[in-house]
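Enquirer: Here is the input, now give the coordinates:
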Amino acid sequence: MLQRALGVIDRLVMPVSLAITALLFLQWPLRDLAGAGATQANDLAQWLFAFYVAVAIRHAGLRHAHLTGRPDLAAHLADARTPAWRRLGAPLCVLAWSAYLLVAGAGMAWQSLAGLERFPETANPGYFLIKLALMLMGLLLLVQAALDLQRALRPRA
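Expert: Numbers count the residues shown, from 1 in each chain. Purely as a prediction, here's the structure:
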């Protein structure tokens with residue numbers, strides 16, 4: 001059920017890439033033709049991109065297109081005779097790294113959120129969302145690593 005919920009998040013966020021592309025494309029006409037709005041489009045694209053990447057890293061791992069997907073691949077390739085401890089290494093590494101990311105970044109993200117941090121170059125609101133996206137990525141990877149660890153520990157038939 002948890003894996004399906006993560007899949008729903010993937011499907012909801014993936015179309016955001018089209019919005020990011022449109023915003024980045026619109027920067028030039030906004031700057032050159034309208035004379036305004038290019039920096040706002042860029043800042044909006046930056047925080048959309050941060051959330052997109054936060055979800056896409058885990059999704060790419062499931063498709064074995066990223067390092068985080070190797071735990072699942074290693075567990076999948078192992079046969080019934082492979083001892084459980086040999087299937088645990090990669091999920092434990094991703095689990096430890098994502099837990100560290102959450103612990104180390106929590107203070108920074110909370111401080112940014114509490115101050116509603118703005119983009120440094122433009123003073124536009126929303127920079128705190130990029131730091132929250134980092135926390136989202138850590139959380140999604142932690143959940144996926146826990147699911148991969150559970151799968152690796154499951155007895156093979």
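Enquirer: In contact with Q27, which residues?
Expert: By Cβ atoms under 8 Å, 6 or more residues apart in numbering, the residues touching Q27 are A38, A41, N42, A45. No exception for glycine: its C-beta is placed from N, CA and C like everyone else's.
Enquirer: I'd like the distance from the helix or strand containing it to the chain centre, please.
Expert: Take DSSP states H and E as the rule and Q27 turns out to sit in helix 16-29. Its chain's average C-alpha position is 20 Å from that of helix 16-29, according to Cα atoms, centre = their mean, to the nearest Å.
Enquirer: List the buried residues for that helix?
Expert: Neighbour counts over helix 16-29 (16 or more other Cβ atoms under 10 Å) mark I20, L23, L24, L26, Q27 as buried.
Enquirer: Turn these into TSV, including distance to V55.
Expert: Formatted as TSV, those follow (distance: Cβ to Cβ, whole Å):
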residue	distance to V55
I20	13
L23	18
L24	19
L26	23
Q27	24
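Enquirer: Now pLDDT and distance to R58 too, for these, in TSV please.
Expert: Compiled in TSV, these are given as follows (pLDDT from 0 to 100; distance: Cβ to Cβ, whole Å):
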residue	pLDDT	distance to R58
I20	87	18
L23	82	23
L24	82	23
L26	81	29
Q27	82	29
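Enquirer: what's the spacing between the residue located most distally from the centre of the chain and L26?
Expert: Distance from the centre of the chain peaks at L33, with 34.9 Å (Cα atoms, centre = their mean). In this view, L33 and L26 are 10 Å apart by Cβ to Cβ, to the nearest Å.
Enquirer: Same check on I20?
Expert: Using Cβ to Cβ, I20 is found at 11 Å from L26.
Enquirer: Just give the nearest non-adjacent residue to the residue most central in space within the chain, would you?
Expert: Centroid check for the chain by Cα atoms, centre = their mean gives A54 as the closest residue, at 1.7 Å. By the measure of Cβ to Cβ, 6 or more residues apart in numbering, the closest residue to A54 outside its immediate chain neighbours is M137, 3.7 Å from it.
Enquirer: What residues sit buried inside the strand or helix carrying S112?
Expert: S112 belongs to helix 89-114 when elements are defined using DSSP H and E. Using 16+ other Cβ under 10 Å as the test for burial, helix 89-114 gives A90, P91, L92, V94, L95, S98, A99, L101, L102, G105, A109, S112.
Enquirer: how distant is that helix from the center of its chain?
Expert: Centre-to-centre, helix 89-114 and its host chain are 12 Å apart (Cα atoms, centre = their mean).
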